[in-house]
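Engineer: got a sequence here, can you model it:
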Amino acid sequence: MRAGSAILLCFAVASCAELQNAVSTKALTDTAPEPNTPLSVPTETMTGAKGPASATYPSDYGVTVKSDGSIVFPQHTMGRIKGSALLVGNETVLTVSPSGVVKGSALKSTYHFTDTGELVDDAGNGVRISPDGGVRAMGGAWRHQDVMTFTPDGPGRWDQHAWRTLEVVALVVIENMLPQALHDSDSSASDAGKSKGLYIPPPSEWFK
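Structural biologist: Numbering: from 1, shown residues only. Prediction:
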């Protein structure tokens with residue numbers, strides 16, 4: 001009887017812990033503090049795909065970040081992380097400063113990391129990655145909804161290592177393929193153009 005009660009108590013405690021984690025998710029700056037630079041690479045391959053937000057996603061929307069620092073963008077466009085920069089070919093297309101400023105030809109705006117882990121522009125639009133790998137839009141048509149989700153290629157949960165790298169890479173894809181998820185000024189135009197189809201530039205045009 002006592003053994004049964006103990007099992008039920010352990011189950012109840014575990015369930016309460018899971019529920020609390022689901023309700024109060026900590027920022028990655030608390031659970032996995034990482035310096036702004038250099039950019040770390042994940043310990044296992046992470047794949048970013050469509051999130052649960054009710055967006056009209058392009059058919060080839062997604063990205064893969066490998067444990068060797070290489071990146072596979074849509075249309076098999078290859079990039080890589082080197083130090084505090086993102087390279088495509090031999091060209092630097094994005095840099096992160098020690099103070100957390102993110103800019104380059106891969107992005108149309110300049111962004112910065114906040115103390116709580118958001119990657120936003122001066123208007124507060126951008127993204128935030130959560131400990132479960134969801135990438136939340138901080139502005140635009142799907143504000144506070146996950147427009148991308150990263151999952152490990154291997155079994156189990158990701159170790160939250162290199163979350164800044166994943167956040168930067170996700171921002172590049174989202175800004176170029178789903179800009180209405182970031183900027184309010186794009187929302188009305190994107191809604192009006194959904195039936196017509198928005199022009200999504202190929203990755204070969206992202207990094208110019």
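
Engineer: immediately after the helix or strand of the chain with the lowest mean pLDDT, which helix or strand?
Structural biologist: Least confident helix or strand, the chain: helix 2-23 with a mean of 40, by mean pLDDT, DSSP states H and E. Note on helix 2-23: by DSSP states H and E, the next helix or strand toward the C-terminus is helix 28-31.

Engineer: show me what that next one is packed against.
Structural biologist: The helices and strands touching helix 28-31, judged by 3 or more C-beta pairs under 8 Å, 6 or more residues apart in numbering; DSSP states H and E, number zero. Glycine gets a C-beta too; all of them are placed from N, C-alpha and C.

Engineer: beyond it, next helix or strand please.
Structural biologist: Trace forward from helix 28-31 with DSSP H and E and the next one is strand 46-50.

Engineer: and that following strand, which strands flank it?
Structural biologist: Here strand 46-50 has these sheet partners by DSSP bridges: strand 63-65 (antiparallel), strand 146-152 (antiparallel).

Engineer: can you lay out the ones you listed as a markdown table showing distance to residue 27 and mean pLDDT?
Structural biologist: Listed next are the strands paired with strand 46-50 as a markdown table, based on distance: least, C-beta to C-beta, whole Å; pLDDT from 0 to 100:
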| stretch | distance to residue 27 | mean pLDDT |
| --- | --- | --- |
| strand 63-65 | 20 | 97 |
| strand 146-152 | 15 | 96 |
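
Engineer: could the ones you listed be laid out in CSV, adding distance to residue 140 and mean neighbour count?
Structural biologist: Shown next, in CSV, are these (distance: least, C-beta to C-beta, whole Å; neighbours: other C-beta atoms under 10 Å):
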stretch, distance to residue 140, mean neighbour count
strand 63-65, 19, 22
strand 146-152, 9, 22
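
Engineer: dump the residue contacts of residue 57.
Structural biologist: Listed by C-beta atoms under 8 Å, 6 or more residues apart in numbering, the contact set of residue 57 reads 50, 177, 178.
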